[in-house]
Structure formats: structure tokens, C-alpha cells
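K.L.:
Have a look at this fold, sequence not included:
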């Protein structure tokens, strides 16, 4: 006779189950005391970002027929600063006598001369492509020569 067909098998199996640890049996408790409540506060912190994607300009410029130089600078900046950012452009070459900067201004962008160059400011966050047209006048002794890029570009958050 096999063990499964033995008349005492069901009783023995039940006894083994009673003696075995009950780790797999879940517990549940029914309570009727008060209401349960919880609050959840979420804060999403977006870090400040200002990234220069492009700052292209010629490394060296050849003199024009007049002996002066001109070039375009393309500046692409992405920022999430609430009040925007400013770009300060400063002259870094003594061989330049006079410097003019032109840029089409739209969307609240301002361009103002400062003591040692120009300051261009944006009013809000976003992606900006700034096309800056530079014209440089040469001093008498540097006319008709090659000029290394003479503008230093600094970007600050507002």
C-alpha cells in the first residue's frame, strides 16, 4: 500500500502543516478606531542652467581694403534663469583703436555700451541665438595686418 493511500495520511499531513512555521501566512487586522490620514509634500528642484552651445567667430581676421577689420560672432546660449542673462563683451587687443558692435535686437534683448565694451542682456529664460556684427578700426601702425580675435566674452546670470 502506498503512503498516499494509507488511512492515516490525511491526519499526518494536517499535523505536519500545523507544526510547520507559518511564514507564508499573511496577517490582517480589522480596526475601527478613527480615520487614517497622511500628507505628502513634493518639491521639485530644477537646478539653474546656463549653457553656451556655440561661440563661433574667426580666430584671425585679415584686414579689409581700408586696413580695418570686421567679423560676425555667433553666440547660442540656453538658460533657465528666471530673469535671463547678460553677455559682456570686452576688448582685449591694444591694436584696435575703435570698436563698433551691431546686433539686431528683438524680444526684449538690450545692447548697451559700457566703459570697456558692450553689454547685451536677455529678459527671460530660453534659447537665444545672437548674431553680433563687429567692426574694428586699426591704429596707424597696425593697419593692413592680420588681427587675432580681440573680444573677450563673459556671461552672467541675472
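P.N.:
That came through fine. Since this is a predicted model, take the numbers as computed values, not measurements. Residues are numbered from 1 along each chain as shown.

K.L.:
ok, the nearest residue to residue 48 once chain neighbours are set aside to residue 89 distance?
P.N.:
Nearest-residue entry for residue 48: residue 81, 6.1 Å, with adjacent residues in sequence omitted and distances by Cβ to Cβ, 6 or more residues apart in numbering. In this view, the C-beta of every residue, glycine as well, is placed from N, C-alpha and C. The spacing between residue 81 and residue 89, counted by Cβ to Cβ, to the nearest Å, is 19 Å.

K.L.:
Settle it for me: which of the two has more neighbours?
P.N.:
The neighbour comparison of residue 81 against residue 89 (other Cβ atoms under 10 Å) goes to residue 89, with 23 against 16.

K.L.:
Checking that one next. Helix, strand or coil?
P.N.:
strand (DSSP: H, G, I helix; E, B strand; the rest coil).

K.L.:
Could you shift the numbering so residue one becomes 227, and keep it that way?
P.N.:
Yes, from this point I'll number from 227; that puts the last item at residue 315.

K.L.:
which ones are touching it?
P.N.:
Residue 315 makes contact with 327, 343, 344, 345, 346, 358, 377, 378, 379, 380 under the criterion Cβ atoms under 8 Å, 6 or more residues apart in numbering.

K.L.:
isn't residue 349 right up against residue 331?
P.N.:
No: using Cβ atoms under 8 Å, residue 349 is not in contact with residue 331, being 11.2 Å away.
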